[in-house]
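Student: based on what follows, work out the 3D shape:
(chains A and B)
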2 protein chains.
Amino acid sequence: MHSPQFTAESSSNGMVERDFTVGEVPGVLWSPASGADGAPLVLLGHGGGNHKRHPAMAGRARLLVTGCGFHAAVIDAPGHGDRPRTAHDEQEIAELRRAQAAGEPEGPVVVRYNARLAELAVPEWQATLDALQQRPEIGADGPVGYFGIGLGTAIGVPLVAVEPRITAAVFGLMWPDALVETARRITVPIEFGLQWDDERIPREAGLALFDAFASKEKTLHANAGKHVDFPRFEADSAVRFFARHLGRVVTSPA
Amino acid sequence: MHSPQFTAESSSNGMVERDFTVGEVPGVLWSPASGADGAPLVLLGHGGGNHKRHPAMAGRARLLVTGCGFHAAVIDAPGHGDRPRTAHDEQEIAELRRAQAAGEPEGPVVVRYNARLAELAVPEWQATLDALQQRPEIGADGPVGYFGIGLGTAIGVPLVAVEPRITAAVFGLMWPDALVETARRITVPIEFGLQWDDERIPREAGLALFDAFASKEKTLHANAGKHVDFPRFEADSAVRFFARHLGRVVTSPA
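Tutor: The predicted model follows:
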């Protein structure tokens, strides 16, 4: 089993940020500057075409670390960020650009490509979790959550379905085609986001994916607006969801 | 124009509670013990068969008053709480009990009865708002919201449609039949709750009512579970919604 290799560390405003690699996969771990021992860990899955250093990742990490005292970790998906693109990556990305330029639905390409990325990424996430749990400040017994939208959902649904250590998850903005059967095996609490006027993912498709989860506790958040209008306050909501389910309370009077 | 007549006052944990009447309509006003001048006001509509003293009303008021520094007010709907029931009320309630006992859908009775209650209640709410805004600690210029589920939505949708002083509203758990046309005239931000497995209101009916609102900013919160399982954390969410839209910030790190 790999241990995480830490390659850089910095600290600001009560949050410690450490770059790491597990095998060939690079990631970032954010932790509270103090009192972090045994704190819950939330795994962050980035969106398609983005990477571990996207501002949304650091923003969500800050909410989790400074708002809840949690750890947060992200890794680059295959072909993303600091990882090499294969010929298959290049081919699928070219096909996606072609479909977009032609005004064709991008769903078929995204669904197929993301399903392939998920096959590669699920064991990478499991190895990353193995490694991070060897760290004394995380440990093997702390609660673990997963938070990923778009590609982060395409990878996260199959990950959560096979990974019993993950006990709560936030998903959204993905077609159901490759995920419905897997979602039916998920029973942990979930929060799921979609855009009511999404011009890429048909409304009925998003509702069908939410409907598929077998979770007794599940919440749909549907906001007016197009795909890219996914509101920032949903990250605040996700953090409160994890605070409820991973066992620490956000210090809010409401 | 009536002023509110205050009939009782008590205070606990930073919140002042005052019983009042406006004309024949009794209500309760909750305010911060200090610093309330010009604070936003949220009107609370109670559910069918309930009344101004239902614990959910005081609970939501406490979140708004102590969490946000807002005022909150509730009045008894016609035929509810301390108000007399008419022969029409008795007749509709008997018809509802009969339908429930026979295992028939209750929608037709609730929709018809609540639409009649709304005709009576909308001018009562407007007179109440007129009166409350005469109070110096509220004033005529402060932001006003409306929060009502079930019967509170049956009354609130026509109220918000005609009342330009109300600039944000939380609704949910109601059939669309009598409300869709009115909802199409509402453009202020709304948050709307439904139960994904509601055994009384079909899922498609709830989605249709949410869809009807013309608001550019609207959010659907759909939770797994039956009608009565509507989760308490939705009240926390509603309070954050009002904090965002009525201009004061909940003091949460997340």
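
Student: which residues of chain A fall in helices?
Tutor: A:55-68, A:87-101, A:107-133, A:151-162, A:180-183, A:203-212, A:233-246 (DSSP state H).

Student: buried set for the second one?
Tutor: The neighbour-count criterion (16 or more other Cβ atoms under 10 Å in any protein chain shown) identifies A:89, A:92, A:93, A:96, A:99 as the buried residues of helix A:87-101. Any C-beta I mention is one placed from the backbone N, CA and C, and that applies to glycine too.

Student: now do it and helix A:107-133, the angle between them.
Tutor: 140 degrees (axes from the mean of the first three to the mean of the last three Cα atoms, to 10 degrees).

Student: same deal with the last one?
Tutor: If you take the same axes, to 10 degrees, helix A:233-246 sits at 40 degrees to helix A:107-133.

Student: contact partners of helix A:233-246?
Tutor: Helix A:233-246 is contacted from outside by A:40, A:42, A:56, A:59-60, A:63-64, A:67-68, A:70, A:143-145, A:147, A:167-168, A:170, A:172, A:189, A:191, A:193, A:219, A:221, A:223, A:249-250, A:252, B:233, B:236-237, B:240, B:244, B:252, B:254, using Cβ atoms under 8 Å, 6 or more residues apart in numbering or on different chains.

Student: just want the angle from that helix to helix A:55-68.
Tutor: Computed by the same axes, to 10 degrees, the angle between helix A:233-246 and helix A:55-68 is 40 degrees.

Student: buried ones in helix A:233-246?
Tutor: A:234-246.

Student: and the helices of chain A as a markdown table, adding distance to residue B:22 and mean pLDDT?
Tutor: Listed next are these as a markdown table, based on distance: least, Cβ to Cβ, whole Å; pLDDT from 0 to 100:
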| stretch | distance to residue B:22 | mean pLDDT |
| --- | --- | --- |
| helix A:55-68 | 42 | 96 |
| helix A:87-101 | 58 | 97 |
| helix A:107-133 | 55 | 98 |
| helix A:151-162 | 50 | 98 |
| helix A:180-183 | 51 | 98 |
| helix A:203-212 | 43 | 98 |
| helix A:233-246 | 35 | 96 |
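
Student: so which of these comes closest to residue B:184?
Tutor: Comparing these by their distance to residue B:184 (Cβ to Cβ), the top pick is helix A:203-212, with 18.0 Å.

Student: buried sites along that closest one?
Tutor: Using 16+ other Cβ under 10 Å as the test for burial, helix A:203-212 gives A:205, A:206, A:207, A:208, A:209, A:210, A:211, A:212.

Student: what is that helix packed up against?
Tutor: Applying 3 or more Cβ pairs under 8 Å, 6 or more residues apart in numbering or on different chains; DSSP states H and E, one finds that helix A:203-212 contacts helix A:180-183, strand A:190-195, strand A:218-223.

Student: and that helix, how far from the chain's centre?
Tutor: Centroid separation for helix A:203-212 versus its chain: 19 Å, with Cα atoms, centre = their mean, to the nearest Å.

Student: restricting to C-alpha, output that helix in CSV.
Tutor: Provided in CSV are the C-alpha atoms of helix A:203-212 (Å, rounded to 0.1, in the frame of the first residue of the first chain):
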residue,chain,number,x,y,z
ARG,A,203,-34.5,18.1,-17.0
GLU,A,204,-36.1,14.6,-17.1
ALA,A,205,-32.6,13.0,-17.3
GLY,A,206,-31.4,14.8,-14.2
LEU,A,207,-34.6,13.9,-12.3
ALA,A,208,-34.2,10.3,-13.4
LEU,A,209,-30.7,10.1,-12.0
PHE,A,210,-31.8,11.6,-8.6
ASP,A,211,-34.7,9.1,-8.6
ALA,A,212,-32.4,6.1,-9.0
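
Student: got the residues of the stretch 101-250 of chain A near chain B?
Tutor: A:196, A:207, A:210-211, A:215-224, A:231, A:233, A:236-237, A:239-240, A:243-244, A:250 (Cβ under 8 Å from any Cβ of the partner chain).
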